[in-house]
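Peer 1: take a look and give me a structure for this.
(one chain, ligands or ions: 1)
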Amino acid sequence: MIKIDGSVAIVTGASSGIGAATARLLAGRGARVVLAARRADRLEGLAAELPGAMAVPTDVTDPAQLGHLVERCLDVHGRVDILVNNAGQGLHVPLLELRADDLRAVFELNVIAPLIAMQAVIPSMRAQGGGAIVNVSSATSLRLFPGLGGYSATKAALNLLSQIGRIEFADAGVAVSVVYPSVTDTEFHQSLRAGHFAGGPRRFPADPPELVATAIAFAIESGEAHLMVGDPPRPISPGSDDPWAGGLARPMPARPGWGGGAAGQTASPDRGPAT
Ligand SMILES: NC(=O)c1ccc[n+]([C@@H]2O[C@H](COP(=O)([O-])OP(=O)(O)OC[C@H]3O[C@@H](n4cnc5c(N)ncnc54)[C@H](OP(=O)(O)O)[C@@H]3O)[C@@H](O)[C@H]2O)c1
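Peer 2: Model prediction:
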């Protein structure tokens, strides 16, 4: 659990939508935000609006650029308290039309990049005594949506990395949380890697990105493992009777010699770091 006021927060995908709304919310609550995305002009414009903000143009699929992002943050602020892995892209085609190179590209962005970003911040968070990581997933990863298999698979992979990271990073005092937005009114459906949004505006009334930002801030402050977006945000946990919780992987029952050794036995995967 991290106090937002006075913290240093890296937000990826901050040039639009949920990332920009999150950066605004965190800066409004007293965080110094480090804004990452590829469109430098948008980042510079937002940084100019927000006190203490800094733009670091970054393609998060390039590990060297991700490394530079974290280094810039540490050079300027000397610490990193919060990482919001939000940059992402949709891939909305049926499996028979799903091209392997599209799926690889979206895996790089939605799965590999958040993993490398987590790896890059953990040493500093450990040295500081803690931190908060929020990975922005999707409600589509918790139920079955034909036509979204590629995209949902990337977010399901992110969910598992997050859940296991929550256990593995608990001894560093780092809480990994996942936020699951539903359809949100951003540029997302105009920027799909392939395919199109089949829902239509009436079928799925879109949430405002500010509502997702509220859930992200709640995740940071509460350390909750899994949050559905809503007013207020709704925590869910594996095995609970919430209709969306059935899509969450359950932790291994504690058994001697199982579950990744000490981390698997001592961490509290659903409620917060064990420390
Ligand atoms: N909108 C929805 O309905 C919805 C629903 C569920 C989950 N989500 C998730 O919410 C997150 C944010 O999406 P959004 O709705 O805010 O969509 P968005 O407005 O399209 O924002 C996507 C952000 O990702 C950034 N990005 C894309 N590729 C990047 C790269 N290679 N390196 C760095 N940044 C990159 C974009 O910035 P640049 O182009 O400037 O790089 C942009 O800032 C995504 O992870 C998405 O999967 C969205």
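
Peer 1: excluding chain neighbours, what is closest to residue 30?
Peer 2: What sits nearest to residue 30 in space, not counting adjacent residues and going by C-beta to C-beta, 6 or more residues apart in numbering, is residue 5, at 3.5 Å. (C-beta placed from N, C-alpha, C; glycine too.)

Peer 1: and that neighbour, how far is that from the ligand?
Peer 2: From residue 5 across to the ligand, the span is 24 Å (C-beta to the nearest ligand atom, to the nearest Å).

Peer 1: who in the protein is up against the ligand?
Peer 2: Residues of the chain lying close to the ligand (C-beta under 6 Å from any ligand atom) are 12-13, 15-19, 37-39, 58-61, 86-89, 109, 136, 138, 181, 183-184, 186-188, 191, 209.

Peer 1: among the residues you listed, name the buried ones.
Peer 2: Listed as buried from those are 12-13, 15-19, 37-38, 58, 60-61, 86-89, 109, 136, 138, 181, 183-184, 186, 188, 209; burial here means 16 or more other C-beta atoms under 10 Å.

Peer 1: take those and keep only those in strands.
Peer 2: 12, 136 (DSSP state E).

Peer 1: for stretch 92-107, measure first residue to last.
Peer 2: One end of stretch 92-107 sits 14 Å from the other (C-alpha to C-alpha, to the nearest Å).

Peer 1: what's it in contact with?
Peer 2: Contact with stretch 92-107 is made by 61, 89-91, 146-151, 153-154, 157, 192-198, as judged by C-beta atoms under 8 Å, 6 or more residues apart in numbering.

Peer 1: and if we set it to 7 Å?
Peer 2: Under the contact criterion C-beta atoms under 7 Å, 6 or more residues apart in numbering, stretch 92-107 has outside partners 89, 91, 146-151, 154, 192-197.

Peer 1: got it, and stretch 221-236?
Peer 2: 1-2, 4, 132, 166, 175, 177-182, 207, 211-212, 214-215, 218-219, 237, 242, 244-245, 248, 269-270, 272.

Peer 1: any buried residues in it, and which?
Peer 2: 222, 223, 224, 225, 226, 227, 228, 229, 233, 234, 235, 236.

Peer 1: in those residues, find the pair that's most separated.
Peer 2: The most widely separated members of the buried residues of stretch 221-236, counting by C-beta to C-beta, are 223 and 229 (17.3 Å).

Peer 1: which strand or helix spans the residue nearest to residue 30?
Peer 2: Counting by DSSP states H and E, there is no helix or strand that carries residue 5.

Peer 1: ok, now which ones touch the residue of the stretch 51-200 of the chain with the smallest separation from the ligand?
Peer 2: Per C-beta to the nearest ligand atom, residue 88 is where the stretch 51-200 of the chain lies closest to the ligand, at 2.2 Å. Going by C-beta under 7 Å, 6+ apart, residue 88 touches 13, 109, 110, 136.

Peer 1: and if you look at residue 57?
Peer 2: Counting by C-beta under 7 Å, 6+ apart, residue 57 touches 38, 40, 43.

Peer 1: flag the shaky bits of the stretch 151-275 of the chain, pLDDT-wise.
Peer 2: Along the stretch 151-275 of the chain, the parts satisfying pLDDT under 70 run over 199-204, 257-275.

Peer 1: tell me the bridge partners for residue 85.
Peer 2: Beta-bridge partners for residue 85, by DSSP bridges, are residue 135.

Peer 1: how many residues are close by it?
Peer 2: 30 (other C-beta atoms under 10 Å).
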